[in-house]
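**Q** coords please:
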Amino acid sequence: MAKSLKEEAFSLGVCYYPEHWEEKLWEEDYRRMRELGFSIIRVAEFAWAIMEPEEGVFRFDLFDRALDSAHRHGLKVILGTPTATPPAWLTHRYPEVLNVSKEGILYRHGMRRHYNYNSRVYRQLCARITRKMAEHFKDHPAVVGWQIDNELNCEIDVFYSDADHDAFREWLQRKYDSLDALNRAWGTVFWSQTYTAWDQVHLTRPTPANSPNPHQALDEKRFISDSAIEFARIQADILREVAGSRHWITTNGMFGHLDNHRLTEELLDFFSYDSYPQFASIHPDAGPEPLLDRMWSLSLSGVRSISPNFCVMEQQSGPGGWANRFTMGSPRPGQMRLWTYQSIAHGADMLLYFRWRTATVGTEIYWHGINDYHNRPNRRVLEAARVGEELARVGGRLAQSRYEASIAILNDYDNSWDGELDVWYGPLAAQSTNAWFKTLQREHIAADRLTLTSHTPLSELQRYRVLVYPHPAIMTEAAEMLLRSYVEAGGIVLFGARTGYKNEHGHCRMMPFPGLAASLCGIMVEDFTIINGTVQAPALRFLGEEGGVDENFAAAALTAEGFNDILMVEADSVKVVAEYASDYYAGKPALTVNELGQGRVYYYGAAYSEAVVRKLLPELGLRKTAEDVVHAPAEVELALRRHPVTGEAFIFALNYSGHPVTLHLQRNAVDLLSGNSLAGDVKLEPYGVLMLS
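**A** Numbering: from 1, shown residues only. Alright, predicted model coming up:
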């Protein structure tokens, strides 16, 4: 069972850096935090040089005073281990701790996260500062938990120092035992890449056309993830040894090349996330009518797959940017509050704004906090105060309630990592996932983002009526058996092009496409083509109940995008739902459904588009969120959290548009945030939020 945050009431707080400010500001800052309804702060995750100003000399007096003051004001404290920012004395004396680019360029002191996970001396120094902190603060009455490091694999998620090459070699020896097994797994017979001694083996290195061995590249991602987990394990073990069960342990992020599910399962009490919805606005999703900041709900859905109830360790509160990166505009009036409730609607039971006051020095002088440099009241402070008042009213009832969804969009680490290099299927995943999520959002059908792992039980899948697993090129026998059991018991699975044809090493199976998925789908891929360059996406034609053309949906409105698997029906239980309507394979099946046991398996030989998803939805029998309570326009996200003990439902209505919208209530309801009773048509302000009961 997934590990979750287990707070009895909602906790609202802020990230605070006492080392950045004159001490005379602390008392006033803490007093104002309490006035805003804040109960918790995070400190120290970047303060190694303060706590160990020279090697072996430890000074905690600044944080002793800061924590004592926080405690006097009734604030709880999360301590961050400061290992994301090694001090200058450390990197100068021990340059082997530094990370290196694939080209062999050393990353120097001057930023953060410039270290590597596998340097023995860095691990020793990190263990020492962690132990010293734990021993010093374990009995402080304000401390409730620890954050390990900060945003593992942020900024950079590849590592090529000498220590990493050495550790990779050792990792491979444990995994494969012999060079013969390694050579088979990596297919080194191709292009005479066969290894005859272990010291010939490295992480991927620069090659002509920047095209490494794809099976080596997949193992590299697995190794990087394991390295990050083992680095975190050193700190988690020390914290549990010294602090025992008095404090919980988490870490924050969700970045590339890291199995956050295994990390949480093995080391943490729950997972934490850093929520910056405006990233989705400066890098909008592809396709028509991008969701912008609303698309961030997809990321939050992925966090729920790790911890159904989680902490948002950093919630965006102002315009974001570094001196040389990003440049996000100011959140519009109401958006900070909207983004807060977006996180809460999706499962956050603890939320800390980043940050209390904008830094006046350093790289993040434009990553604005609640307070501006001048420390005078502003509209972000007023919004935070409003949220504090609202959560004081409802936070005790809301905590531990769970987001409800009847459909999940599946992904897995191996396909994500392998698909980074493999352009024959990797780009399809984002296209299909975005199409499904955007359509479900606008149709008000709640969706989870579920990561399939080797430990996922059947019961986890059976929480959902429908699973969308768009393009799992890598499919193991265990995954196929799990999905078969799910379908035979009554579930519905939808696949997309390029499914099932690779094994766990990324080898193409010597069997007809779609490989292990063929018996689930009852079809074979008789031909295929990638859609790019001069190859245009063909028209798609849906068939009616009697096998004829569906006249209610114009063929011109639909095309089969990204890739085309041309299908051949191989089982009597298969029905053709749609066919290609142009190009040399016009008339051939493009979308099929197979009756299997009590359930169904769909295979779509292309990447999903919003138009195709919208056409498919009526077949799936999914209910709209809270349709018996509220009807909302497409601009509004609806989400429902239900308490597992009390059964109380909390219905969130989030208006992401800059204009007022009208909701229609099917019955009388109460807005728990304001306490107002509502009925009939209700106006929701621009960027407004309701929590209905």
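**Q** return the alpha-carbon coordinates of the helix or strand of the chain with the lowest mean pLDDT using PDB.
**A** Of all helical and strand segments in the chain, the minimum by mean pLDDT, DSSP states H and E falls on helix 279-282, at a mean of 90. The C-alpha coordinates for helix 279-282 follow below in PDB (Å, rounded to 0.1, in the frame of the first residue of the first chain):
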ATOM      1  CA  PHE A 279       5.900  26.300 -15.800                       C
ATOM      2  CA  ALA A 280       3.000  24.800 -17.700                       C
ATOM      3  CA  SER A 281       2.200  28.300 -19.000                       C
ATOM      4  CA  ILE A 282       5.600  29.100 -20.300                       C
END
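**Q** immediately after that helix, which helix or strand?
**A** helix 296-306 (DSSP states H and E).
**Q** list the contacts of that next one.
**A** Here helix 296-306 makes contact (CB atoms under 8 Å, 6 or more residues apart in numbering) with 2, 254, 260-261, 264, 271, 273, 275-277, 279-280, 310, 339, 342-343, 345-348, 403, 409, 411, 433-434, 437, 441, 447-451, 637, 639. All C-beta atoms are positioned from the backbone trio N, CA, C, and that covers glycine.
**Q** just checking, what packs against the helix or strand following that helix?
**A** Next in sequence after helix 296-306, counting helices and strands by DSSP H and E, comes strand 310-316. If you count contacts as 3 or more CB pairs under 8 Å, 6 or more residues apart in numbering; DSSP states H and E, strand 310-316 packs onto strand 252-253, strand 272-275, helix 335-345, strand 348-354.
**Q** mind putting these into TSV with mean pLDDT and distance to residue 296?
**A** Listed next are these as TSV, based on pLDDT from 0 to 100; distance: least, CB to CB, whole Å:
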stretch	mean pLDDT	distance to residue 296
strand 252-253	96	15
strand 272-275	98	7
helix 335-345	98	7
strand 348-354	98	12
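**Q** out of these, flag the one nearest residue 532.
**A** Between residue 532 and the helices and strands packed on strand 310-316, the shortest gap by CB to CB is with strand 252-253, which sits at 33.3 Å.
**Q** next, the distance between the ends of stretch 565-583.
**A** 13 Å (CA to CA, to the nearest Å).
**Q** residues of it that come out buried?
**A** 565-567, 569-570, 574-583 (16 or more other CB atoms under 10 Å).
**Q** returning to what we had before: which residues touch the least confident helix or strand of the chain?
**A** Contacts of helix 279-282 (CB under 8 Å, 6+ apart): 291, 292, 293, 294, 295, 296, 320, 326, 327, 328.
**Q** one more: stretch 619-638?
**A** Under CB under 8 Å, 6+ apart, the answer for stretch 619-638 is 294, 297, 342, 345, 404, 406-407, 441-446, 465-466, 492, 577, 593, 639-640, 649, 651-657, 661-667, 669, 684, 692.
**Q** looking at the helices and strands packed on strand 310-316, which is nearest to residue 422?
**A** Using CB to CB, these put strand 252-253 closest to residue 422, at 25.2 Å.
**Q** partner strands of the closest one, with direction?
**A** Looking at strand 252-253 with DSSP bridges, its partner strands are strand 272-275 (parallel).
**Q** now the partner strand: how far from the chain's centre is it?
**A** Centroid separation for strand 272-275 versus its chain: 9 Å, with CA atoms, centre = their mean, to the nearest Å.
**Q** which other residues reach that strand?
**A** 147, 151, 250-254, 296, 299-300, 303, 310-316, 339, 342-343, 348, 354.
**Q** since that was my last question, I'll sign off now.
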